[in-house]
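**Student:** predicted structure and sequence below. I'll ask about it afterward.
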Amino acid sequence: MARVMRGGPGAVSVMVLSKLRQEPPRPDGEPDGYLPYSQEAWEQVLLELGRVPVLSSVECAANASDGDSMGGAWLNLAVKRVDSGGGSWLVLSANGSYDMLAPQQQRAALLELLRAAAEQSDPVHGEFVWGTGTGQSVYEKAMSSWPWETLPNARRALRGYGWVTILAEEIGGRLGGVDALRDSGAFVEVERLVSGGYWCRATDSLETYDQAAAERVFDVVAAVLPPGQPGRWNVEAPNVLSLRDPAGVRPDRERRL
């Protein structure tokens, strides 16, 4: 298997992948195109990012105590293209094992990465979630909807919310902008992003983002959420949501998105 590397306990393996077009899965089920990191492989990834690939990723895996890289901490940074409704979007994700994401300093580094990407991209949406693994927001998972269904309307209808929520420029404007979001009392941090959009953090830490905090955020963003009853079986801490239907709490003038 390509991603099991030698080096002994504690060694770190780095693999890179970039694909310009969608290809059929290999018969053996293994991911196609992963290469051990090298300067040449990394330059190829950067080149293909400029051509808007269907998928590019960098995966780091630390060897476990027995020397098997598949058993240690891991982190995957990926950019995936989603085509739907005549448009294309790039979805940035950072996925990792609990021991990679949980320590406070590592989580802060991931937040810094998310913020830096948002500052440059005029994003339609962003959030910090735990373990969905599907590309869905927590709200989408609870509503059994998918990014290719929601992205074409993502500047008018919010894809979801969480501990950290990135609002599109148009959605943040509908909610009143920086001053109104700060005055709502639902966030400890609200900032305008350089390239458009709003960065909103509900509580100081992920551990303190509880049901009460989620309800406060919901009260603010209900006006721009797609209506429907979230399924409680798809919601578990720390991916906390209100289980109320947004259509029941937002003003009548906002019910049609």
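**Tutor:** Received, thanks.
**Student:** which parts of the chain are helices?
**Tutor:** 39-49, 98-101, 104-121, 138-143, 147-150, 169-174, 177-183, 211-221 (DSSP state H).
**Student:** out of those helices, nearest to residue 243?
**Tutor:** For those, the distance to residue 243 is smallest for helix 138-143, at 8.3 Å, taking Cβ to Cβ. Using the backbone N, CA and C atoms, a C-beta is placed for each residue, glycine as well.
**Student:** render the CA-only coordinates of the closest one in CSV, please.
**Tutor:** C-alpha atoms of helix 138-143 as CSV (Å, rounded to 0.1, in the frame of the first residue of the first chain):
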residue,chain,number,x,y,z
VAL,A,138,-23.2,19.9,9.8
TYR,A,139,-26.5,21.5,8.9
GLU,A,140,-26.5,19.8,5.5
LYS,A,141,-25.8,16.4,7.1
ALA,A,142,-28.7,17.0,9.5
MET,A,143,-31.0,18.0,6.6
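**Student:** by mean pLDDT, point me to the weakest helix or strand of this protein.
**Tutor:** Within the chain, judged by mean pLDDT, DSSP states H and E, the helix or strand with the poorest mean is helix 98-101; its value is a mean of 69.
**Student:** separation between residue 134 and residue 72?
**Tutor:** In this view, residue 134 and residue 72 are 24 Å apart by Cβ to Cβ, to the nearest Å.
**Student:** ditto for residue 163
**Tutor:** 26 Å.
**Student:** what does residue 107 give?
**Tutor:** Computed as Cβ to Cβ, the residue 107 to residue 72 distance reads 18 Å.
**Student:** also residue 54?
**Tutor:** For residue 54 relative to residue 72 (Cβ to Cβ), the value is 28 Å.
**Student:** which one's more surrounded, these two?
**Tutor:** For residue 54 versus residue 72, neighbours defined as other Cβ atoms under 10 Å are more numerous around residue 72 (22 against 17).
**Student:** right, and the more buried one touches residue 13 too?
**Tutor:** No. At 9.1 Å, residue 72 and residue 13 do not qualify as touching, with contact defined as Cβ atoms under 8 Å.
**Student:** anything in contact with each of the two?
**Tutor:** Overlap of the contact sets of residue 72 and residue 13 (by Cβ atoms under 8 Å, 6 or more residues apart in numbering) consists of 61, 62, 63.
**Student:** number of residues surrounding the last one?
**Tutor:** Using other Cβ under 10 Å, residue 63 has 22 neighbouring residues.
**Student:** now the phi/psi pair for it, please.
**Tutor:** phi -60, psi 140 (degrees, to the nearest 10).
**Student:** that one and residue 74, how far apart?
**Tutor:** Distance from residue 63 to residue 74, by Cβ to Cβ: 10 Å.
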